[in-house]
Every structure is written in C-alpha cells, then in structure tokens.
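Chemist: just need the structure, nothing else, for what follows:
(chains A, B, C and D, ligands or ions: 4)
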Amino acid sequence: MAELTYREAVAAGIAQEMERDETVVFLGEDIAKAGGVFKATVGLYDKFGPDRVRDTPISEQAILGAAMGAAMTGLRPIAEIMFSDFLAVCWDIVSNQIAKSRYMTDGQVSMPLVIRTANGGGARFGAQHSQSVENWSMMIPGLKVVAPSSPADVKGLLAAAIRDPDPVMFFEQKSLYATKGEVPDGEHVEEMGKARVVRDGDDVTIVALAAMVPRAVEAADRLQAEEGISASVVDLRSLVPLDTTTIFNEVGKTGRLVTVEENPRLCGWGAEVSSIVAEERFWDLDMPILRITTPHIPLPSSEELEDIALPSVARIFETVRNEVD
Amino acid sequence: MAELTYREAVAAGIAQEMERDETVVFLGEDIAKAGGVFKATVGLYDKFGPDRVRDTPISEQAILGAAMGAAMTGLRPIAEIMFSDFLAVCWDIVSNQIAKSRYMTDGQVSMPLVIRTANGGGARFGAQHSQSVENWSMMIPGLKVVAPSSPADVKGLLAAAIRDPDPVMFFEQKSLYATKGEVPDGEHVEEMGKARVVRDGDDVTIVALAAMVPRAVEAADRLQAEEGISASVVDLRSLVPLDTTTIFNEVGKTGRLVTVEENPRLCGWGAEVSSIVAEERFWDLDMPILRITTPHIPLPSSEELEDIALPSVARIFETVRNEVD
Amino acid sequence: MAKRPVKKRASKSAKVPTPSATATLNDDIGEEKRLEMWRLQLEVRHMEQRLHDLFFQNLIKGTSHLAIGQEAIASGCAAVMRPDDYTFCTYRGHAHTKVRGVSMEKIIGEMMGKGNGLLGGKGGSMHLTDVDKGAMGSYAIIGAHLPIAAGAAWKAQYLKTGQVAFCFFGDGTTNIGAFHEALNFAVIWELPVVFVCENNLYMEYTPISEVTAVEHPAADRAGAYGLDSIIVDGNDADAVYRVARAAAEKARNGGGPSLIEAKTYRHSGHSRADPATYRPDGELEEWLKKDPIPAYRQRLKEFGISKKVIDDIEDAVLAELDAATEAAKNGAPPSEDSLMTEVWADGGSSWRN
Amino acid sequence: MAKRPVKKRASKSAKVPTPSATATLNDDIGEEKRLEMWRLQLEVRHMEQRLHDLFFQNLIKGTSHLAIGQEAIASGCAAVMRPDDYTFCTYRGHAHTKVRGVSMEKIIGEMMGKGNGLLGGKGGSMHLTDVDKGAMGSYAIIGAHLPIAAGAAWKAQYLKTGQVAFCFFGDGTTNIGAFHEALNFAVIWELPVVFVCENNLYMEYTPISEVTAVEHPAADRAGAYGLDSIIVDGNDADAVYRVARAAAEKARNGGGPSLIEAKTYRHSGHSRADPATYRPDGELEEWLKKDPIPAYRQRLKEFGISKKVIDDIEDAVLAELDAATEAAKNGAPPSEDSLMTEVWADGGSSWRN
Ligand SMILES: Cc1ncc(C[n+]2csc(CCOP(=O)(O)OP(=O)(O)O)c2C)c(N)n1
Ligand SMILES: Cc1ncc(C[n+]2csc(CCOP(=O)(O)OP(=O)(O)O)c2C)c(N)n1
Ligand SMILES: [Mg+2]
Ligand SMILES: [Mg+2]
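Modeler: Ligands and ions are numbered 1, 2, ... in the order given. As a prediction, the model looks like this:
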C-alpha cells in the first residue's frame, strides 16, 4: 500500500494501463508537456512519449471525435475534457455519436474509450467551471458513468474503465484532487458497477457519490455520536451500471433512504435512484425518500455562497436528524 | 374557434407575437423562405420580411449565440433548432451561457428568448433524429421548459414563452405536427407553469407530456371501459415551472401515481416527479410510483422496433391494470 | 445577403490532366479502372432510383437522401481506395457505402427496416455502416464525422498501417464548427485523411451562396489550414479519381490531409419530402446535361470500348439489383428481442444489476 | 508537430501610419486621446498588479487571469468606442471591463467575493459584467462569446442604433468551432462587430504554434471569411487605436465585421496557478522590453508632454486604486439570501409552484 493523492492516482491508473497495452493513447489540452491543469497527468508524457500522450488545440469536438474514430478502428483512447462543464461544447460527439454508434450499427462498431473530466464545485470558480454533470451522462443510453471518491478507486476504476469495451465517462471530482488515501501496490483494477457500503448502519441509508461520500460519512459519524442514529453510507461509485442490488439490500435493512447529490436538483441521479426505490421497494420504506442536492441554481463563485449551496455535512446531519425521529 | 394543425399553430403563435411586438425576430435553418423542414413556419417570411425572419447557415452555435446576444441587448428572438437532437451541437450556448448569465451577473442580464425545436420519435428517423430531450433542459437551472400536446397549447404557450422575460425551451413533438385541434380565435395566450387535468378520475393519476398525453388518455378510456378503473390524466405542459400543486392534488385524491415519458429511462422528468412525490406526499401513496418510459436505449429506426420502444397505449393500459387491482 | 468578393484566395488548382478526346484509354487511369468506375456509378445510380421507387410504394419509411447526379464522386474516390481504407460519409451516403462493395440486399433491406438489413433495422437510411468493408458509418448530424474520420486516420498513423480515411460531406457542412476543428486538427497532427466536400450548391433548401462568406465553401477555406485549394469537376469520375489518388498518396506518404471541393448537383430534392421548388428555372436542366452517367458512357465509347461491354456491365448491375430488391422485400421484420441488444459490447442493454 | 508553411496567405497588412519620432502630437489621434489611453493603460496595469497582490494575500479565492503586458489592446479599443458600444471579453477580461469605465471598487470587490462586488459575489473573476457601461460580460468557456457578440451586433443592425460590438479573445480561441461559425455568420449578415484576437503566443501552457495550422491564427484565417487580414502591434495603443477606429467606422457604416490580430504577450502565467515555466529562456525578457506602459510613457515624453502631466495621471490612478481597494476590503460578504435570487427575471429561483 502506498499513500497517493487523488490526482496522483489518476496518473498512476493511466500509467498502469499504458504499460500493459500499446493501444492505449491519451490526448487533451495541456495534458502532455504541462501535466494537466490539475497536475493529474504529470509524468505521463515523459514516460510514454509524444506519440501516445498528445497535447491538442482548444478543439473539444476534435478531441472527442478523434478519440471516437481511433476507438472504432482499434485503439483505446483516453481523452481529457479539462472541466466537465466543457462537455457542453462537444456534447454531440458524446451523446449522439459515441453513445449511439454501437446500437445504430447493430453492434458493428466498438467504442472502447474513456473520457476523463474534472467535475464539481468547491474551488470558487463560478457557474461555468464548477458543475457536477454526471447526470448529463447518466441520461444518455450507451454511456457508462463512473465517479470515484478515493484515490484507490480512482486508480482501480480508471483501469477498469480503460479496459472496458464500452465508452466510459470518468468524473474526477475537483474538490478531491488534493485528498490522500492508501492505494494497493502493483496492478490494481476494480470492478465497475459495484457500490460500496463505506459505513454500516441500521437506521437509515445515505447514498452518496464522489465528494459527497466523505461528507456523508462525517455526517453519519456525527449522527451516531450526537443523536445515536446509526446510518449506513453507500458510495455508488458508478451510476451506469447502477448497483441497485446494494441499494435494495440497504433499503430492506434500514427502511429509510436519503440521497446526497452535488448536482442541482432537477433530474439528478438521486431522482433516478429515488424513483427506482419508490417503484420497486415501496413496501420496504418506513419514511419518505429524501434528496439532498445543490439547489436548482447555477453555482455562485464567492466562498460564502458556494459553501451554502453545496450539500454540507451540517445539512446532511440536520436533514437526517429531523426526519429520523 | 378554428381548427388548426399542431404545425399551423406554431406559425399562428409566432405571427400573433410578431404582430404585436417589433422586437420579436426569428432565425433558423430553412425557416424563412422554405417555411421550415416541418412546414411549421410557412408564411412568416412573406408576412414579416427578411429582416425579421432569417435563414441561417448550418451553424447552431451561431444561431443560439446570436439569439442570446440579441436578447441581452433588447430583442426577443425566437431561434429554431431543427431537431432537438441537434441541441447537442450548441449545448454550451444553451446550458452554460443562456441559462446562467442572469444569475452570474446578479440580474444585470436579461434573456427573453425562445428556442423552438422538434422533439421526439415516431417518424422512423433513427437514434439521432428522434430523441425526446426535454429532460436535458429540465436539469439545467435557468431554463424554462415547455412541451405542448395540442394545437391550442402550441399557440397559447408559444405566445407565453415569447412574452416571458426568461429563456424558454419550447419542445414541439414531431409526431403531433399533423394532429388537429380547436384553437381560440383572436389573441390567445396561456399561462406557463400550469398543468392541466385532461381527464378526471379517482383511482389512479397518470402524468404525461406532449405525445404521451393522447396515449395516456386513450389508455385511460380503455381502463374505464374494460376494467372499470377510473384514471385521471394530467398533461404537465411545462416542466419548469413545474406544477407540483396539481400533481399533489391528484395524488391526494387517487393515492396512485404513474408517469409516462417518451424520453429514455434514466434521469427523465418522471424520475424527478416521482422523487418529489416520494419525498413530499409519501404518506398519501397507496401503491408504488410507476414510471413508463422508453427503455434506456437509443431509438431504433425500423417501424416495428420503434413502435415497441416508445410507450404505447397498450403498455400504459397494461401497466396500470396490473398494478391497480 | 451581399456576397463579398473573395480576396486573394489561397488557390492552387489541382494540377491534373483533364480527360479529352485526345486522351488514350490506357493513360494513367486505364481501361480496367474505368470499367470499375463505370460499374460503381451504375450500381449507385440504379440502386438509388430503386430506393426512390420503393419509397413511393411506401415500402421505405422515415426519410432518405438520394445522391442521384453525384455518383462520380463516390465512384472516383472508391476506385482509389485500398480495401482497408476507411470511408466516413453522411445521411446522403448510400452511394459511399455501396461503392465500398457493401451488399445491395443489405442496404435495401436496411432502408426497408428489415431484420436482414445492414443494421438489423436499427439504424436506417441515415446510418448505413459496414465495418468489414471499411464503410465506417453514415453520420446524420452535420459535422461530427469530420473529426471522427481524423481519429481513424490517427489510428492508421499510430499503428503505421498505411490506411487512409476518406471523409465526405456537403457544402453546407463547411459552416459548422466541427469542420474547422477537424481541419486544423488533422493538419497539425499530419493525419492521413482526405476531406471531400461535395458541393451540390444547396444546404437543404437554401442556396449555399446565401449562407457562406466565400464563393467556394471548402476550397476558399483551405488556406486557413495551410492546405492547397483544390477544386474538381465532381461529375467527372476520371477527374475525381486523379485528385483523390494524389491526395491518398500524399496521405499514405506522411504528407497529411487534403481538402477537395468537388462541384456537383443533386437531381432530386434534399430528401424524400422535398420537391425542390426553390431551384431557379432551368438550373436542373443545365445540370442534367452534365449528368455523370451518360457522360461517362460517352467517354467509354469515345475510348473505343464496345457498346456490348458497356451494356453488359449495366445489365449485370440491374440483374443484381433486381435480385437484391426481391431478397430485401422478402426479409422479415426485425425480431422484437433485437430491440434490447447491442447497446453494450456484451450484446445487451442492461444498465443495472 | 511540423509547422506547415503558410501558402499564399490572403494578406493585406493594415495600412495605418505607425507612430515614430517624427509624428506630431496633434495628428489623427491627438493629445486628449493619448492622455485618455495613458490613463486607461495605467488603470488596468495597476489594478491588475493589485489583484495579483491580493491573491497572494489570500484575499481573492478561486482563480484569476491577468493581462499584464496586454493593456494597450483594451485601452486602444476602448478609446474608439462610443459609450453605448458593446464589449464582450473573456475570463482574461479585467482590463476590458475596467476600460469601459467600470468601478474599480466593484471589480476588486467581486474578485474578493464581496456582496458589494460588481456581481454581488455570484460571478467572480471570470464573469465581470457591467451592462450599464456596455461591458456585456466576460465569458469563460472558449469561443461562446463570439457568436453572442454577433447577436448584440444584430440587434444594433436591426434597430439601426449605430452601435458596434467589440469582441476580444485569445489566439487559442481561433481553433474552436464557435470561432468559425461566428465569423462566417457575422460576414454574411454584415454585422457591426469587431473581432479582436489578442495573440499572446500561448494557449494556456501550450505555444500556439504547436496547435495551429497557420502562422497567424486569426489573420491567416480572415480570407476564409472574405475578410482582410489585419495584424497590429498589440503593445502599441496608438496602432491599436487606429485599426480599431477603422474597423468601428466600417462597422457603423454598414460595412460589416472585421477581424484584427493584435500581437502581444502576457507577462505573468496563464492564471494564478501558473508559474509559466514552459517559456523559453529570454522570451519574457524580450517582451518586457516591449512593455506597453514604459513605451507609452516614453512616447508621451517625446511628444513633449510634461513629466508632471504624465505623473499626475498615474498618481490619480493609484489614489483611486488605493481607495477602491480599501472599500472593497471593507465590503461585507454576500448575504445568504442572495444565493437564491436572480435566476429568473422575477428576481427569484423558484422552479415549482
Ligand atoms: C447539426 C445539424 N444541423 C442541421 C441538420 C439538418 N440538415 C440535414 S442535411 C442539411 C443540409 C446539409 O447540406 P450539405 O452539407 O450541403 O449536404 P447535402 O445535403 O447537400 O449533401 C441540414 C441543415 C443536421 N442534420 N445537423
Ligand atoms: C471550451 C473550453 N476549453 C478549454 C478551456 C480551458 N482554457 C481556459 S483558457 C484556455 C487557453 C485560451 O487561450 P487563448 O485563447 O490564447 O487566450 P489567453 O488565455 O491566452 O488570453 C483554455 C484552454 C475553456 N475555458 N473552454
Ligand atoms: Mg449541399
Ligand atoms: Mg493566448
């Protein structure tokens, strides 16, 4: 085990896969010589050279189009879209081309590629550089969607995404880049599509993703300590495939479900999870399903405003406390 | 009252507003001289001339960018994006620029504009020309979202959208263009943000939108006739603002909620409606909340496959019958 | 909409011999290639006319975009390609798909939404694809396939396979952002991709000159990417063949991309729904005189090829077409099960466990 | 990444007099304008240096993109604008916002995330906007504001107001699709918009030459839209003023858009986080010699303007800046309530009844 930061785990995951597979190539803006604006890809250019790690112009449609064309014809490209907000400038390539081509061609076309992107708020960057947009991808059939919360998962799930034969949207939460954690030595690959119960509890289940996971855990610890409420915390890790089995087990056990999303309210992944449970595990529920989200507003830039906009430990704590007795 | 088709109601709504307000202008691809590829804007060019009704190049970012710049500086533009799938090529302008500018500038910038677009399936056009993407817009804070189901609503809600001081995404369902209905004579303006109970019932509430409304009504008629089940049908008409009052009244009355969506399953508007009810009207519910959607797949082109993919009268009928006794 | 004069257009007309009565059959193209191009043009022409008929018999649903009148471009380029080269085209891509040797039966079957169609009835008219033949897809949202073609060329470059990617698109496509990104990208990475703009004068119903800042939508933009400005008569398969051959050779030799503008005309409307009433009087008639099929027949004749050889090829094409049409008509609709297959590489569509 | 030679670039260098020792103060620019540009350049320079300091005192959070070294462009253009003209700029837009006469206190306050900031703390460094002053916004996603500026120009054209929209962007921006769409669109609609590319040689950390198919990212593309190729010394406010004046006059007279490429250099890194280690040795030093501020001071001196006049302007700017900084520092943070305001025109953010 070595301690790595979340950002170091990105480079470690890519390096692991580039070493074992010559067809893995990597492109994006300032990702090569400069090592990425979040310094998440430092060292890859020196290690794998200019043919495999390539800087591009500010041409997101070209970046993802190139990744798609290469994936269709035999490579396994990783493409970086610097901020997930910028997916909007190349959304056609993602949602209409990459996601749909296999189905439209009845399986003729394979699309083994990964789109990595820095997602989420907390850096005081304002509404165009802070969005959590994992739900944009979840709603598009044909995309797999992963969002890790720890360095170990970054490395293991990124490796799994690169090996996956389907297109994977890989959301790295900006506010976690500096966080540290143990990462297994040697080859490390996780299974995509499995949630993880990161804290076990009996009274209520809190389902969270990415940066909301540590907040949910902290809130759960406080609920235990201050209120004697025993909360499970589930780290979804992947939205597509979605681990409904784990969610259902939890709801069966606690009878109470709370989702914590960083994305704005409407049509977030929490809505989907809630609707699945309200349809398929209705009779297990002992209380309303609660959703804690960023309000349905663009994210403000100032520290004070951003902090009250994003779901906080305090908000999770209070919401659960008020509802569970 | 005059009988108009859904497509004629589009031109009628635009004409009504262009007549009363000089600042209303209209741009898009082939919308002027040719009257639109769906013939929904026939006659406007002849009536209002080339300064107000303008053909554009295939440059969706320029179309919506121009609409935004004009709206910020005093005009009330209507922009057509021919197929709603093409919103993906200009999604940055919609989601990051148009939706967020008022908030980011603390209210300095006004954005009175309408983006009209042909939404949905049924025309055998395949996965890139058939999507129902109203949920793409619903999830973006700062956008209002309207999707009429009848010619009268097309005219009345389009007029309301044009008069609205905020950006409105106006989804015209392709499969309804040829349908007919009575439209009030003279000036006709509806209120945005109000759902309509199009069929009253006591046993179960079916919430639908756009092309799913007539299907839900037909299923409800069959449920009554064949099973003695009395179903309410609510036409949401607008997703933002969302008329939760009407939904809550219905759930209070029937205790049973079914949503019918044309969009693919994950993170559709039905998920949001379901999650709101599961949170705020949980104790009113007598049965699980059901969602009927297109499966989470790209839409196929062949007649046979497309017909079984989209929610049909039979599927609505059977789903409700199986659950309600 | 004032058209601005083109200022000092970065222009270099393609230095290729244009065919004339004095050319000989066994010139740089030769008899075999010419007969191949003759056959390819006929396959496309007759197949598309058949599709047109099937449409009006209501046996094809949805939409379709014919390229009748534009056959010389697809055929001239295909005659240059190696079997492992890549073709990327648009919804107006029946021709480009066919000329790669794709089965007529499967194309027609797909148009009819049959289970034995090229895409099992899932893609339809606008998405014809046959990966085994190098037909890497028909793209229906304007512009997207230009960077995608660049990506396929990147793979060829990276794996040093010597393959070339051909990318076909219309004049109207030159005004969308992806065009610009793809061209710049392909040039700086020196990718082996040949961009072919089929300038048929219209963007759907709007004359291209009304929406474009320069006279030649592709050729006048080549300079913006440091590329030569190349214009070719798109109704002359030989001329197309020669510029395409030069571009493909350049690409294979590491010389990077080319941008070719081929002037042509579609005889029918934009799509099935379009009667093309926006055309000025006489325009169609002028272009019918330049119809590539009779012109090429005439050229073959002038080269001394016997009427029988010329006609036998046509007869064979028609016979194949009739058989293909029958087989397609007899195909069953797609199975209901197929609705939920092939979203993922595992063959399924499950998004949950 | 081989740089291709620029082939026959559609080029017409701007025919404007370049200032020299022989020019007279009361030439086509004159004393008053020059002193205005001097003040504008100083305001921007000192304000940005102050912002830099505040950042490193941790009084500004998030990010910021300084334009130190590029002041002559914003100032030269602002000196041309009518009060009701429109400015559209980028995240590197503190300069462009300030030169429209926007309050320093409000700009600094916004950078510090204060409630008395220009945007109430909602927008921050990358979105400075002051509609009353014609500063129509700073846009942080590359390319978007080019078509938006065209839209503002469309309004001016439609209502015949004679306004011009100025749109500023970087060299890196010329490679994104929206650039291409906006240019073509503005030309065919003949919109009164002046596009100004500030070529500071870098797209973030990557030299622009490594990712661009032509030498002059904007000027070499002008021909693709039938526009003149215009290159100007972006470190010389007088030169900028002259090309901007010509472009604005052309636009106001119905002559349509212009595309100006101004050569310049940013003295600091791309953003707060960037130490700019990618620069070749000596490059910064070369450009510091061309620093627009000392150069303009020197020019004013050569024109015979007294040291006192020159210094008084600087002193006044510094005094205003100190007062503004104090006032901004003393500002309260935004009220919690303001979080939920101004999503909609009714002032609120409700999405349901
Ligand atoms: C992004 C996008 N915008 C608009 C359309 C609708 N559309 C389909 S074909 C077409 C015209 C294309 O013209 P051109 O590129 O000249 O090709 P042609 O049809 O003439 O072959 C348009 C506007 C589309 N498919 N995609
Ligand atoms: C669509 C998009 N892609 C990438 C970025 C990240 N980014 C911010 S500034 C920048 C470089 C811009 O370079 P240039 O246009 O030369 O402007 P400069 O910063 O030099 O003023 C990049 C890539 C972005 N903001 N938007
Ligand atoms: Mg065309
Ligand atoms: Mg730059």
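Chemist: show me what contacts A:T244?
Modeler: Neighbouring residues of A:T244 by Cβ atoms under 8 Å, 6 or more residues apart in numbering or on different chains: A:I276, A:E280, C:R352, C:N353. In short, each C-beta sits where N, CA and C put it, glycine included.
Chemist: the residues you listed into CSV, with extra columns for secondary structure and neighbour count?
Modeler: Formatted as CSV, the contacts of A:T244 follow (DSSP: H, G, I helix; E, B strand; the rest coil; neighbours: other Cβ atoms under 10 Å in any protein chain shown):
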residue, secondary structure, neighbour count
A:I276, helix, 21
A:E280, helix, 15
C:R352, strand, 15
C:N353, coil, 13
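Chemist: what residue is smack in the middle of chain A?
Modeler: What sits nearest the mean C-alpha location of chain A, by Cα atoms, centre = their mean, is A:A147, with 1.5 Å.
Chemist: where does pLDDT dip in the stretch 251-353 of chain C?
Modeler: Judged by pLDDT under 70, the stretch 251-353 of chain C has no weakly predicted residues.
Chemist: does C:L259 sit in a helix or strand, and which one?
Modeler: For C:L259, the host element (DSSP states H and E) is strand C:258-263.
Chemist: same deal with A:I115?
Modeler: Per DSSP H and E: strand A:114-119 holds A:I115.
Chemist: so which residues make contact with that strand?
Modeler: Outside strand A:114-119, the residues that touch it by Cβ under 8 Å, 6+ apart are A:10, A:28, A:38, A:40, A:64, A:67, A:76-84, A:86-87, A:94, A:98, A:131-134, A:147, A:158, A:161-162, A:164, A:167-174, A:177, A:210.
Chemist: burial of the closest residue to C:P275 other than its chain neighbours, as a residue count?
Modeler: Among residues not flanking C:P275 along the chain, C:G269 sits closest, at 5.7 Å (Cβ to Cβ, 6 or more residues apart in numbering or on different chains). Neighbour count for C:G269, taken as other Cβ atoms under 10 Å in any protein chain shown: 18.
Chemist: surely C:G269 forms part of a strand?
Modeler: No: looking at C:G269 with DSSP: H, G, I helix; E, B strand; the rest coil, it is coil, so not inside a strand.
Chemist: could you pull out the helices for the stretch 151-300 of chain C?
Modeler: Assigned by DSSP state H, counting those that start in this stretch, the helices in the stretch 151-300 of chain C fall at C:177-188, C:237-252, C:283-289, C:292-302.
Chemist: highest mean neighbour count out of the ones you listed?
Modeler: Comparing the helices of the stretch 151-300 of chain C by mean neighbour count (mean count of other Cβ atoms under 10 Å in any protein chain shown), helix C:177-188 comes out on top with a mean of 30.
Chemist: for that one, packing partners?
Modeler: helix A:60-72, helix C:145-158, strand C:193-199, helix D:177-188 (3 or more Cβ pairs under 8 Å, 6 or more residues apart in numbering or on different chains; DSSP states H and E).
Chemist: can you tell me the strand partners of the third one and which way each runs?
Modeler: On the basis of DSSP bridges, the sheet neighbours of strand C:193-199 come out as strand C:165-170 (parallel), strand C:258-263 (parallel).
Chemist: with distance to ligand 1 and mean neighbour count added, can I get those strands in CSV?
Modeler: Output for the strands paired with strand C:193-199, formatted as CSV (distance: least, Cβ to the nearest ligand atom, whole Å; neighbours: other Cβ atoms under 10 Å in any protein chain shown):
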stretch, distance to ligand 1, mean neighbour count
strand C:165-170, 2, 30
strand C:258-263, 11, 26
